[in-house]
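Novice: The sequence isn't on hand, but the structure is:
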DNA sequence: TTAATTCCCTATATGACAGATAGGTTTTAT
DNA sequence: ATAAAACCTATCTGTCATATAGGGAATTAA
């Protein structure tokens, strides 16, 4: 299971990225909308800013906007910010490789091999699909009224 | 990352399943071989027995053998014993479904959708590949001397 | 029958981490 | 000035991972 923290981060990112171009979304608004503890969410948004994903504007009529386009932010990237390495074994992480203490031979380790397959399969989704993709899918499924009319 | 407990369980299972037919492997032997704390490993093997995967025999010349054939024991099954549900979100778990408290609409949730894809991909490996498969792979890669000779 | 061996069971300890909660400070628009 | 917003740091609480500990019960070799 992923942490609440990560789930809150996704909720917030989707909300912020879905806002009209240039329009800032406040932490209070997101917190209210999804019943997320406000102070907790503030920490999360701070992390996303420090990671270079969000841009913040302080003071009245401040809030958050995307720093990078939503379709350059993968689910995997966000998840790693809050969960650390996604690899099921330390010896499978590229970013923070660590040998298993009890490992005899890494190249012959069947555990590593099987979990490597599972991880590859998972990464193929998480590191490919982006916040932008998710928003586009949502838009396809629930088109705006205008588009409704146009399509009949 | 999976827990040490789960990793130890896989090491033990592979060792026990690799032993000659009918020959029991002791917890002490596995612990020594992989430098696993013995008392900790005992608990783990107990869990595997209670889960109906291992059979135990007490007393001198006792130990553990597979209760079910190794190729009917999937990595996913074992992992669930020690880690609980593998689903990244409670609302994606078949075995122990739970709604996310902050969920507005499950069918429209993009987070659920994306993680559902990742989970499907991961399950396709973990619930398919078995301890038996892993042992067969190991045997292919490092054949016995007799087979070495036969093959030239 | 005795001693050794092995699994079996339960309790406890400890440090890390998740999931907040709290209380402020700084910046900015009006 | 004032209100609204982000920013920063500390603290708390319960749960969990990772063992450690100490024996009890069954089995078997001698």
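Specialist: Arrived safely. None of these values were measured; they are calculated from a predicted model. Residues are numbered from 1 along each chain as shown, chains lettered A, B, ... in the order given.
Novice: residues touching residue A:40, list them.
Specialist: Listed by C-beta atoms under 8 Å, 6 or more residues apart in numbering or on different chains, the contact partners of residue A:40 are A:5, A:8. Every residue, glycine included, has its C-beta placed from N, CA and C.
Novice: Next, the buried residues of the helix or strand encompassing it.
Specialist: Element membership for residue A:40, per DSSP states H and E: helix A:38-50. For helix A:38-50, a neighbour-count test (16 or more other C-beta atoms under 10 Å in any protein chain shown) marks A:41, A:44, A:45, A:47, A:48 as buried.
Novice: Next: stretch A:63-78.
Specialist: By neighbour count on 16+ other C-beta under 10 Å, the buried set for stretch A:63-78 is A:63, A:64, A:65, A:66, A:70, A:73, A:74, A:75, A:76, A:77, A:78.
Novice: Need the three-state assignment for the third one.
Specialist: The three-state label given to residue A:65 by DSSP: H, G, I helix; E, B strand; the rest coil is strand.
Novice: Let me see the confidence value for it.
Specialist: Predicted confidence (pLDDT) at residue A:65: the value is 98.
Novice: and if you look at the last one?
Specialist: Looking at residue A:78, its pLDDT reads 98.
Novice: Next up, identify which helix or strand the closest residue to it other than its chain neighbours is on.
Specialist: What sits nearest to residue A:78 in space, not counting adjacent residues and going by C-beta to C-beta, 6 or more residues apart in numbering or on different chains, is residue A:9, at 5.9 Å. Taking DSSP H and E as the definition, residue A:9 sits inside helix A:4-18.
Novice: What is the subsequent helix or strand relative to that helix?
Specialist: Heading C-terminal from helix A:4-18 (DSSP H and E), you reach helix A:27-34.
Novice: and the helix holding residue A:9, which residues are buried?
Specialist: In helix A:4-18, counting by 16+ other C-beta under 10 Å, buried: A:4-14, A:16-18.
Novice: Give me the angle between it and helix A:38-50.
Specialist: Computed by axes from the mean of the first three to the mean of the last three C-alpha atoms, to 10 degrees, the angle separating helix A:4-18 from helix A:38-50 equals 70 degrees.
Novice: Spell out which parts of chain A neighbour DNA strand D.
Specialist: Contact residues, chain A versus DNA strand D (C-beta under 7 Å from any atom of the strand): A:26-28, A:39, A:42-43, A:45-46, A:49, A:56-64.
Novice: Parallel or antiparallel, list what pairs with the helix or strand following the helix holding residue A:40.
Specialist: Tracing the chain past helix A:38-50, the next element assigned as helix or strand by DSSP H and E is strand A:54-57. Applying DSSP bridges, strand A:54-57 is found paired with strand A:63-66 (antiparallel).
Novice: before we move on, the earlier item: near DNA strand C at all, the helix holding residue A:9?
Specialist: Yes. For a cut-off given as C-beta under 7 Å from any atom of the strand, helix A:4-18 has contacts with DNA strand C, namely A:4, A:5.
Novice: was I right about residue A:36 contacting residue A:30?
Specialist: Yes. If you go by C-beta atoms under 8 Å, residue A:36 and residue A:30 touch, sitting 6.8 Å apart.
Novice: Need the overlap of contacts for these two.
Specialist: Listed as contacting both residue A:36 and residue A:30 by C-beta under 8 Å, 6+ apart are A:11, A:12.
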